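In: structure for this input, please:
(chains A, B and C)
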Amino acid sequence: MSTPRQPRSPSVRPRLAVFKFASCDGCQLSLLDCEDELLAVAGAVDIAYFLEATSRIEPGPYDVALVEGSITTPHDADRIQEVRRQSKYLITIGACATAGGIQSLKNWADHEEFLQCVYARPEFISTLATSTAIADYVPVDFELRGCPINRHQLVETIGALVHRRRPRTPRHSVCLDCKRRGTVCVEVAQGIPCLGPITHTGCGAICPSYDRGCYGCFGPAAQPNCNALTDHYAVTGSSHEQLVPLLRNFNAAAPEFQAAGDRLASASSTEGQT
Amino acid sequence: MRGTPPVTACQPANPWLAYTARIHAVRDETPGVATYDLMFDDPALADGFTFRPGQFNILYLPGVGEVAISISGDPHDFSSVPHTIREAGNVTHALARMREGETIGVRGPFGSSWPVDECRGKDVLLVAGGIGLAPLRPAIYELLARRDQFGTLTLLYGARSPDGLLYTDEYGAWRSAGIDVQTTVDRAHTGWTGNVGVVTLLLDRLPLPRTNDTLLLTCGPEVMMWYTIQAAQRRGLPRESVYVSLERNMNCAIGLCGHCQFGPEFLCKDGPVFRYDRVASILKVDDL
Amino acid sequence: MTAAAESTLNSETFLPRDGLQKLISHLSGDGFTVIGPKVDQGAIVYDEIENADELPRGWTDRQEPGRYRLERREDDAYFGFVVGPHSWKRFLFPPRATVATADRTENGWEMATPDEPAPRYAFLGVRACEIAAMKIQDRIFTGGSYVDPVYQRRRESAFIIAVNCTTAAATCFCVSMNTGPRCGSGFDLALTEIAEGFVIEVGSDAGSELLARLPVTPATDEQLSHADDERQQAVNQIQRTLNTDGIRDLLLNNLEHPQWSDVAKRCLSCTNCTMVCPTCFCSTVTEVSDLTGDHVERQRQWDSCFNIDFSYMNGGIVRDDVRSRYRQWLTHKLASWHDQFDSSGCVGCGRCITWCPTGIDLTAEVAAIRNAPRAKASVATETVTPQEGSA
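Out: Sure, this is the predicted structure:
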């Protein structure tokens, strides 16, 4: 047998560590926000490293690392290597860790200029020119999308780890969720540009239920046809000045959103020159 | 309407209801493949579960999910219901960690079956690849149980390597009972003295004296079945004499969820076994 | 059947406008949850109603590919609109339903199926195309070897009050699909709205019995004539067509047509067309369990052939691009549905056209294939696909 039969051992709780990189802590807080499930989570896993929740620090190695935040400094770039070495299973949580986050907007700007503007003594600041995903530096075993992540998906993922199965986090569009819950399409009925058709499910389709367009906080859905959607919005009256910031948001540096945003931006700059 | 009504001993009023079954025995077959003998807790089912060769069950691991697995046992042996399973997905990985005595859910049997009755008076050629022998094994048992009703029986079986051949300890008994069993492997290892090469090479060498009175039943990877059928047709076997067992994403098994559609067919209820001429045209279309 | 019911059957009656509330109240009194149209979220949706005032009186809908807008009518009609983003399938085949449960016991897993009574719905304002859609879903869920208990229970107890369309949207093509605009059967009562009230046809004993309790009078010739005029107005307004001649073979013989690649450039694979379609029936079952994993519910949810993982099986995704997924949807809907269920899967309601975010119009896609059928098969996948007004 290539895969030896292992008896189930529910008594051994996976050792969990939570690491933070460049981020707002919101995704870690989703774990503490689990309310009803929090005690069950605490019982199901052995929380060995989670500075947001406990000062108790146990050394690695860890069975599971939840990694929040993006890589923005040389120090972080080194530290994630150590986290990877210490972790059997590495899960990135949230838009920062999976795509670079809102701070990836600096990828389109001059970060030296930012340093001069923001810091009194910029020479003490050591930072990279870009904010990028954890997966750009180390292999990632599983991704949880969202800004912030959905706590039900987090509990599902932890449950899957405990019970040694694959987490159920589908990758279809937000539209499917709107339709399941009976939300009327804000784009078709109200002409609001909405990223739902190209955005990854997970949030539960919150924004359209409040008459707002989806702003893509879970990043691109599987095989998103970004150009078809933005071309349609352009034809139906949205300007590139509206659409580029829509794409360059919490998941600006997710490859599909980045390509679509750059395409529109270069189209409008070409237009501007003529 | 298409599809034949299911013939089954345990059709519940609610087709979503799974019956509790216990893992009676697990036998490791080949790397990553094991046979699970299941026994129903309900005594009426334990004695009364019947199926036709080629049909499948839905196995259910609560919390993990369901998976469609063909029944690989003897239709006349009611002691337990064997399923030969390759570890390939979420459910089968979880199943591989289960131990004898643990329980799962079973719905079934579902689907169409091999045309054993139509084989009467004919030579029967079975061609299998890899795990594809599992859905054919009940047909082999059935053919051998009624051996005098058929002409020559031949099983051509290919696997990637010698340790990928299923049920090797049964070939002797099968041969004695009257079926010619020939095996081949893609890659041999030291000590293997048998055939090396694709299964169609065996078919090319096989005498087919009565092409109009021969039925071909084949199950394996689609590409293997495709070349097997081409080879058989070159030898003069009509399309109407070929039966294939196909696989798609079977989700509900009762024709309601839409996942397993293949052109106009619902594989779960119209298939998995089809006469080749019914599906020949759609098998040629990519990504259907 | 009562004598009173007998007398009203087969003869059209008239219900004044203010009688609509009595109709709703009687249904509620009989234990039905009345579902009807109401204005919500910028559209006319189907939701629970208790009062005739909740109906979209004086509203209409303007629809075109990828666009829907509510507009005020010049009159106070209750049903002066067509069909919106919802369909009745969300009540008969709910977006989420528990189909089975499993509980871990000392003796292993115990499986069960839920046995709670189904809600008793009265649907007010069912259009002819929607009745046709229900008949199609009846064949899917209750007409085959296996019967879906969730659908069956809800369907059996449903009371159907149809409304004949008196207007049509630019996306309507029920005439092409032979499903409307007039309701022929499949209802308990059918209403045609005229200025002073409703002309009512009876379609069942249950409808007849309800009618006997309403303040109806025999319809006058003038009222019948007005009803004819109103219905004719809808017929006259339907402009969109789908040529269904030999459509099954047309599509199945053109599975490699370059049009599939063309539509894939515009299609978002977002699932909206399948979700709003009143006949689309695909679903998936998800395990819902807590962290202990001791109690599990099997929850059936709407699914779509446009989802990439819909065709997942060991070894990969069968339909791994938008082209093959759109082709699957359209050829199933208009072609292989005939093989499976002896009818088209399309009722011509136009929802998939209106609610497609990019306004893809299936009637135009079929027409494109019909106008250039079977582009030389061997090169079909090689040639650059024609650009249609590359906007």
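In: now the stretch 51-200 of chain C against chain A: closest residue?
Out: residue C:95 (4.0 Å; CB to the nearest CB). (Each C-beta comes from the backbone N, C-alpha and C, glycine too.)
In: what about the residue lying closest to that residue once chain neighbours are set aside, neighbour count?
Out: The shortest distance from residue C:95 to any non-neighbouring residue, by CB to CB, 6 or more residues apart in numbering or on different chains, is to residue A:180 (4.0 Å). Residues contacting residue A:180 under the criterion other CB atoms under 10 Å in any protein chain shown number 19.
In: residue A:180 touches residue C:93, doesn't it?
Out: No: with contact defined as CB atoms under 8 Å, residue A:180 does not count as touching residue C:93 (11.8 Å).
In: immediately after the one helix or strand residue B:183 maps to, which helix or strand?
Out: If you go by DSSP states H and E, residue B:183 is part of strand B:180-185. For strand B:180-185, the following helix or strand on the C-terminal side (DSSP H and E) is strand B:195-196.
In: helix/strand/coil for the residue nearest to residue C:95?
Out: Under DSSP: H, G, I helix; E, B strand; the rest coil, residue A:180 falls in the helix class.
In: tell me which residue in the stretch 51-200 of chain B sits closest to chain A.
Out: Closest point on the stretch 51-200 of chain B to chain A, by CB to the nearest CB, is residue B:90, at 4.5 Å.
In: hang on, the earlier thing: the residue of the stretch 51-200 of chain C closest to chain A and residue C:332, how far apart?
Out: 20 Å (CB to CB, to the nearest Å).
In: the two: who's more crowded?
Out: The neighbour count for residue C:95 versus residue C:332, taken as other CB under 10 Å, is higher for residue C:332 (21 against 17).
In: tell me who's in contact with the more buried one.
Out: For residue C:332, the contact set (CB atoms under 8 Å, 6 or more residues apart in numbering or on different chains) comprises B:261, C:305, C:345.
In: hmm, try it at 7 Å
Out: Contact analysis of residue C:332 by CB atoms under 7 Å, 6 or more residues apart in numbering or on different chains lists B:261, C:345.
In: three-state assignment of it?
Out: Assignment for residue C:332 (three-state DSSP): helix.
In: hang on, the earlier thing: name the helices or strands packed onto the strand holding residue B:183?
Out: strand B:153-159, helix B:171-177, strand B:195-196, helix B:199-205 (3 or more CB pairs under 7 Å, 6 or more residues apart in numbering or on different chains; DSSP states H and E).
In: which neighbours does it have in its sheet, and in what orientation?
Out: Applying DSSP bridges, strand B:180-185 is found paired with strand B:153-159 (parallel), strand B:195-196 (parallel).
In: and among those, the most buried is which?
Out: Looking across those with neighbours counted as mean count of other CB atoms under 10 Å in any protein chain shown, the highest average goes to strand B:153-159: a mean of 24.
In: ok, residues contacting it?
Out: B:124-130, B:133, B:140, B:143, B:165, B:178-185, B:198-199, B:202-203, B:206.
In: just how off-centre is it within its chain?
Out: Here strand B:153-159 is found 13 Å from its chain centre; the criterion is CA atoms, centre = their mean, to the nearest Å.
In: cool, and stretch B:77-93?
Out: Taking mean C-alpha positions (CA atoms, centre = their mean), stretch B:77-93 and its chain are 12 Å apart.
In: quick check on the contacts of strand B:153-159: which are buried?
Out: For these, a burial check counting by 16 or more other CB atoms under 10 Å in any protein chain shown picks out B:124-130, B:133, B:140, B:143, B:165, B:179, B:181-185, B:198-199, B:202-203, B:206.
In: who's in contact with stretch A:67-86?
Out: A:19-23, A:27-28, A:60-62, A:65, A:90-94, A:96-97, A:100-101, A:103-104, A:126-128, A:131-134, A:137-138.
In: mind giving me the ChimeraX command for buried ones among those residues?
Out: In ChimeraX syntax, the buried subset of those is picked out as below (16+ other CB under 10 Å):
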select /A:19,20,21,22,23,27,28,60,62,65,90,91,92,93,94,96,97,100,101,103,104,127,128,131,132,133,134,137,138
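In: residue ranges of each domain in chain C, please.
Out: Annotated domains of chain C cover C:11-97+C:116-237, C:247-279+C:306-379 [automatic domain parsing].
In: any idea how far apart the tips of the longest one sit?
Out: Using CA to CA, to the nearest Å, the end-to-end distance of domain C:11-97+C:116-237 comes out at 28 Å.
In: for the record, mean pLDDT for that domain?
Out: Average pLDDT, domain C:11-97+C:116-237: 96.
In: figure out how far it is from the centre of its chain.
Out: For domain C:11-97+C:116-237 - counting by CA atoms, centre = their mean - the centre lies 11 Å from the chain centre.
In: residue in the stretch 101-250 of chain A nearest to chain B?
Out: residue A:166 (4.5 Å).
In: how near is that residue to residue A:139?
Out: 17 Å.
In: looking at the two, which one has more neighbours?
Out: residue A:166 (16 against 8).
In: contacting residues for the closest residue to that one other than its chain neighbours?
Out: Closest residue to residue A:166 apart from its sequence neighbours, by CB to CB, 6+ apart: residue B:90 at 4.5 Å. Shown in contact with residue B:90 (CB under 7 Å, 6+ apart): A:165, A:166, B:64, B:65.
In: contacting residues around the first one?
Out: This points to residue A:165. B:64, B:90, B:94.
In: so which of the residues you listed are in helices?
Out: Among the contacts of residue A:165, the members falling in helices (DSSP state H) are B:90, B:94.
In: and which of the contacts of residue A:165 is nearest residue B:229?
Out: Taking CB to CB as the measure, residue B:229 lies nearest residue B:90 of the contacts of residue A:165, at 32.2 Å.
In: please consider this matter closed, and thank you.
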